[in-house]
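Asker: Pasting the sequence and the predicted model now:
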There are 2 protein chains.
Amino acid sequence: MGVADRRQREKEQRKTGIIDAAECLFFSRNYEEVSMEEIAREVELNKATIYLYFENKEALYAAVVLRGVAILKEKFSACREQKAQGIVKVALMGQAYYRFSQEYPQYLRLIHFYGTERFSKENPCTAEIGKGYGTCRLLLQDAIREGIDDGTIRADLDPFLASMYLMISFMGILSMENKWKLVIEAEGFSSGQFTQEFFRFILPAISTHEKSHAMDAKDFASFGFSLTGPVEPEKKNQKNA
Amino acid sequence: MGVADRRQREKEQRKTGIIDAAECLFFSRNYEEVSMEEIAREVELNKATIYLYFENKEALYAAVVLRGVAILKEKFSACREQKAQGIVKVALMGQAYYRFSQEYPQYLRLIHFYGTERFSKENPCTAEIGKGYGTCRLLLQDAIREGIDDGTIRADLDPFLASMYLMISFMGILSMENKWKLVIEAEGFSSGQFTQEFFRFILPAISTHEKSHAMDAKDFASFGFSLTGPVEPEKKNQKNA
DNA sequence: TTAGTAAATAACTGATGGTTAGTAAAATTG
DNA sequence: CAATTTTACTAACCATCAGTTATTTACTAA
């Protein structure tokens, strides 16, 4: 059935087009500030047509959020492949989250807001979003388990709990950074410092005590980022400037 | 001027009455699900009258949020008075946050949602809310400083950053607990365990390494809560039940 | 009693999420 | 090719709700 096939394809394209338009607008303004009418204008369709493709505004928003989660999941998955000790993988995943927040700040914003009570979540996308985010957490959990096995992570840690705590903290730190920007900068820290220093802060909570400070700097450096290295000296440099 | 005085008092009472009604409704349902009309019905006033006392819906919501923040601030302040080592004070403040989330889960919910992009924050209450929350963070910061001085907290920690990380993490853990409840319980943890274990998890990030595990259990116990004590043995008891 | 003020309201406006009834074009059928 | 059905789309509409305006009521002070 070539015709039905083509129709299906076209329908998919329409849907993509609508999500594109919605994304563009949701990126530029808050959820409540974007109207369905406006999105419709953007794709050059009637508002009612959008409702043929998406149950409601929330569902459309969720579709955009899902794109973001898919990217995040991709980044987390890439960390698993790395041949490294558990603790390094954990750090890499934290780094992945951070890079995601740098490369796609708008996706992060939408993901964060979607996690809010504002959304009822009774829509098909939500399950997928939850699964995607859950997958990230599981990848982190696996890395923690590996770290416990190879002795780089505290053995008394419960991998599930630790992964939850880290995911929640990551999300908190990264999405709060904007809100507290002024306070942070008033204290003489850049946004980058603020998030990077968090890794240094949290590391002793997961790494085995004996090795933590000694080994990390070298091992992490070989993976292309400096966690414990040159952060200290230039810390707070702006403060008394 | 007795009359003007009474009038002022009555006006204040009206305002309080309106906030009471709003609180009642915002506690029972989401922000978007509560209409001004409904709040007006609750206080037995006309909707327009509410607008004589509050600029808009957000401002009214903020007034409720402010009540919650005031309580939280009170709890944090109480911790400062305690005669204890810095690390213990920090733990007490974490505990205070937790108890707040138990005693006033609705206030916590509103505070968390008010921190969202949903609100423009261009209203007089917001400054006070920010100040209140900021005060809590400062109290925590002071406790951290004390801990560094008395040797119970890592000396290489920046008090400002550490206080930010802790506040953000606290808020995240406590407000996420609801959302992830099912996942958490599916893993065999109760909500209480989930939050309590977080303290155990985060402690090594702030306490000086040498003493952390040894001293805490005793010292904390004397302040009426068990942080590191009996949590481990009964952990995950439900999981394979 | 009356003039003036403050508190409160009924009725309205504008915007928006979502629905309905209907149209036009493409695909299918005979 | 003509008749019929299916599909994609739309104009007009509805209900709700935040916020405003014009007006009325209640109280005070002279």
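Answerer: Arrived safely.

Asker: Every contact and neighbour count from this point should use C-alpha atoms.
Answerer: Noted.

Asker: where does chain A have low pLDDT?
Answerer: Low-confidence segments of chain A, defined by pLDDT under 70: A:1, A:209-241.

Asker: what residues go with each domain of it?
Answerer: A:1-54, A:58-241 (automatic domain parsing).

Asker: between the ones you listed, which gets nearest to chain B?
Answerer: Of all those, the one in closest proximity to chain B, counting by CA to the nearest CA, is domain A:58-241 (4.8 Å).

Asker: The closest one close to DNA strand D?
Answerer: No: with CA under 7 Å from any atom of the strand as the criterion, DNA strand D is not reached by domain A:58-241; the gap is at least 13.3 Å.

Asker: among the domains of chain A, which is the most enclosed?
Answerer: For the domains of chain A, the stretch with the most neighbours on average is domain A:58-241, a mean of 18; neighbours defined as mean count of other CA atoms under 10 Å in any protein chain shown.

Asker: do that domain and DNA strand C meet at all?
Answerer: Yes: counting by CA under 7 Å from any atom of the strand, contacts between domain A:58-241 and DNA strand C involve A:Glu58.

Asker: quick revisit: got the domains of chain A as a markdown table, with distance to chain B columns?
Answerer: Supplementary listing: the domains of chain A in a markdown table, determined by distance: least, CA to the nearest CA, whole Å:
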| stretch | distance to chain B |
| --- | --- |
| domain A:1-54 | 7 |
| domain A:58-241 | 5 |
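
Asker: Tabulate these in TSV, adding columns for distance to B:Lys131.
Answerer: Putting the domains of chain A into TSV (distance: least, CA to CA, whole Å) gives the following:
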stretch	distance to B:Lys131
domain A:1-54	25
domain A:58-241	12
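
Asker: For the spatially closest residue to A:Met167 that is not a sequence neighbour, give its distance to B:Val183.
Answerer: The shortest distance from A:Met167 to any non-neighbouring residue, by CA to CA, 6 or more residues apart in numbering or on different chains, is to A:Arg137 (6.6 Å). The gap separating A:Arg137 from B:Val183 is 12 Å, by CA to CA, to the nearest Å.

Asker: same deal with A:Lys75?
Answerer: Distance check for A:Lys75 against B:Val183: by CA to CA, it reads 23 Å.

Asker: And for A:Thr49?
Answerer: When CA to CA is the yardstick, A:Thr49 and B:Val183 sit 37 Å from each other.

Asker: same thing with A:Asp149?
Answerer: A:Asp149 sits 24 Å away from B:Val183, taking CA to CA as the criterion.

Asker: returning to what we had before: need the contact list for the residue nearest to A:Met167.
Answerer: Taking CA atoms under 8 Å, 6 or more residues apart in numbering or on different chains as the criterion, A:Arg137 is in contact with A:163-164, A:167.

Asker: Please tabulate those in a markdown table, including the columns secondary structure.
Answerer: Conversion of those to a markdown table gives the following (DSSP: H, G, I helix; E, B strand; the rest coil):
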| residue | secondary structure |
| --- | --- |
| A:Ser163 | helix |
| A:Met164 | helix |
| A:Met167 | helix |
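
Asker: Tell me if A:Glu23 really is in a helix.
Answerer: Yes: looking at A:Glu23 with three-state DSSP, it is inside a helix.

Asker: Apart from its neighbours in sequence, what residue is nearest it?
Answerer: Nearest residue to A:Glu23 in three dimensions, chain neighbours excluded: A:Val64, at 5.9 Å (CA to CA, 6+ apart).

Asker: how much space between the one you found and A:Phe119?
Answerer: Using CA to CA, one obtains 14 Å as the distance from A:Val64 to A:Phe119.

Asker: and what of A:Glu33?
Answerer: To A:Phe119, A:Glu33 is 15 Å away according to CA to CA.

Asker: what does A:Arg9 give?
Answerer: In this structure, A:Arg9 and A:Phe119 are 30 Å apart, going by CA to CA.

Asker: And for A:Gln193?
Answerer: 33 Å.

Asker: Run a quick check on A:Tyr114 versus A:Val64, I expect a contact.
Answerer: No: in this structure, A:Tyr114 sits apart from A:Val64 without contact. The criterion is CA atoms under 8 Å, and the distance is 10.2 Å.

Asker: hang on, A:Leu157 is in a helix, isn't it?
Answerer: No: with three-state DSSP as the criterion, A:Leu157 is coil rather than part of a helix.

Asker: From B:Ile202, how far out is it?
Answerer: The separation that A:Leu157 has from B:Ile202, given CA to CA, amounts to 11 Å.

Asker: Equivalent analysis for A:Gly188, please.
Answerer: Plainly put, A:Gly188 is 25 Å away from B:Ile202 if you go by CA to CA.

Asker: And A:Pro105, by the same measure?
Answerer: Relative to B:Ile202, A:Pro105 is positioned 27 Å away (CA to CA).

Asker: cool, and A:Lys73?
Answerer: If you go by CA to CA, the gap between A:Lys73 and B:Ile202 works out to 26 Å.

Asker: same check, this time on A:Ala186
Answerer: Taking CA to CA as the measure, A:Ala186 and B:Ile202 are separated by 26 Å.

Asker: Equivalent analysis for A:Ala4, please.
Answerer: A:Ala4 sits 57 Å away from B:Ile202, taking CA to CA as the criterion.

Asker: How about A:Gly130?
Answerer: 26 Å.

Asker: All set, thanks.
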